[in-house]
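K.L.:
Next comes the sequence, and after it the predicted model I'd like to discuss.
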Amino acid sequence: MDAKKSQSYDGNSEFAEFWRNFQILPWKWADQLAGRSRYLVGSAIFVYVLFFILTFFPSMGSRYIFLLIDYPSITLILLGWIVVIVLTISWRHKIPSQFQWLWEREQANQKDQDLKGEFTQYLQEYQSALLSRKGPQIIAFILSVLVMLFIWAAGMPLFISIYFSTRAIVLICIIFFIILFWVIMVGFLCWVLYVTGRFVSELTKRFAVAIQPTHPDGCGGLKPLGDFCFNIAIALIGGGLVLAIVPMLNWDRDDALSVFSMIIIFVVIGPLTVLTVFSPLWNIHNKMVEHKKAYEDTFAVQLTELEQAMHVNTRKAGNLAEAKDAKEKLEILQTLHPDKLAYPTWPFKFTRTVIAIFSPQILQTAVGIVTSIYDAFTK
């Protein structure tokens, strides 16, 4: 972890030493790349320069195929990749502050003397899971195989050997190996997302997460946790939206990039969005629902007791003063009615989450409708 990332934890904050030594990947080179967007963004720009050379310098490319002209979706895909890089690495830097916030919040709401020890073990298990080598290697291998199978199935090797010169093939091989390296990095980051999501989902099992129904954030005081998960969804949304445009515009010479974009959306982006937004917070949602039901049951019991007191004390043998007292308490209790409090059951705004999960499909459907209307009027 570099100085910029650990600067906020060099003071007297709890777990400062842990965060100074925190890594999200077991390999230092990969951890550094996952923390500095300039290297990956620079590689994307370098790849675009190679595509530019292959397009506008026929002696270095092909006299028949002009990649950026015949396949303009390449520009969109690289732009989507840069968006994902920048937003994902921005989210990665929020991990220490988010877990530090969780500790400070639990510390304020609980007086358990062993809480720090339990939370320390929780963080150590999180770090240990992140540093597993087997998980990220398996995911990276699977994604790499899928990409190579797609390249082979699309007939790209034969296509390149027929239409491109030897020098162009060398440049294309460089592009291929860089893209394969990106796929490996994506596999590593998928592991980070999975592990982080799993440990967020364990919060309610290991700690008594306090719910504050009247908190001004409208999320029971847990909005920072929901936003933390939603921030990584923004990265996936950005990439997904750009990729969803590719098959809609149908700019390219053939459908290879359109098919590739849809595969990424449904095989990688879709499942990852669910894992990082919905699934990690499901246990917290269930806990918030339990709190709401318990509050409603308590409210109903109090309401019934006050109503009975009013009925009993308004009879001839009753105490009118006690009936008036019960009436005043009932009026006060009505201000705490669960419906008036809008008791939250999600640590985020549900509408935002639905849009996050289904945004590529929503955009595709919307564009499809517009295209259909346009075709109907132009025919």
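P.N.:
In hand now; what should we look at?

K.L.:
In the stretch 101-250 of the chain, what residue spans correspond to helices?
P.N.:
Ranges of helices in the stretch 101-250 of the chain, per DSSP state H, counting those that start in this stretch, are 115-130, 134-153, 156-163, 166-201, 203-206, 223-249.

K.L.:
Other residues contacting the first one?
P.N.:
Counting by C-beta atoms under 8 Å, 6 or more residues apart in numbering, the neighbours of helix 115-130 from elsewhere in the structure are 14-15, 18, 22-26, 99, 103, 106-107, 112, 191-192, 195-196, 198-199, 202, 206-207. C-beta coordinates here come from the backbone N, C-alpha and C atoms, glycine included.

K.L.:
The same query, at a cut-off of 7 Å, please.
P.N.:
Residues from elsewhere that reach helix 115-130 (C-beta atoms under 7 Å, 6 or more residues apart in numbering): 15, 18, 22-25, 99, 103, 106-107, 192, 195, 199, 206.

K.L.:
Send me that helix as PDB with only the CA atoms.
P.N.:
Backbone C-alpha positions of helix 115-130 (Å, rounded to 0.1, in the frame of the first residue of the first chain) are rendered in PDB as follows:
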ATOM      1  CA  LEU A 115     -15.300  -6.000  20.400                       C
ATOM      2  CA  LYS A 116     -11.900  -4.800  19.200                       C
ATOM      3  CA  GLY A 117     -10.500  -8.400  19.300                       C
ATOM      4  CA  GLU A 118     -13.400  -9.700  17.300                       C
ATOM      5  CA  PHE A 119     -13.100  -6.900  14.700                       C
ATOM      6  CA  THR A 120      -9.400  -7.400  14.500                       C
ATOM      7  CA  GLN A 121      -9.900 -11.100  13.700                       C
ATOM      8  CA  TYR A 122     -12.600 -10.100  11.200                       C
ATOM      9  CA  LEU A 123     -10.100  -7.800   9.300                       C
ATOM     10  CA  GLN A 124      -7.400 -10.400   9.500                       C
ATOM     11  CA  GLU A 125      -9.600 -13.100   7.900                       C
ATOM     12  CA  TYR A 126     -10.600 -10.600   5.300                       C
ATOM     13  CA  GLN A 127      -6.900  -9.900   4.500                       C
ATOM     14  CA  SER A 128      -6.100 -13.600   4.500                       C
ATOM     15  CA  ALA A 129      -9.000 -14.300   2.000                       C
ATOM     16  CA  LEU A 130      -7.800 -11.500  -0.300                       C
END
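
K.L.:
Check which residues of it are buried.
P.N.:
Across helix 115-130, burial judged by 16 or more other C-beta atoms under 10 Å covers 115, 119, 122-123, 126-127, 129-130.

K.L.:
Stretch 324-344: how far from the chain's middle?
P.N.:
Mean C-alpha position of stretch 324-344 versus that of the full chain (C-alpha atoms, centre = their mean, to the nearest Å) differs by 38 Å.

K.L.:
first vs last residue of that stretch, how far apart are they?
P.N.:
In stretch 324-344, first residue to last residue: 33 Å (C-alpha to C-alpha, to the nearest Å).
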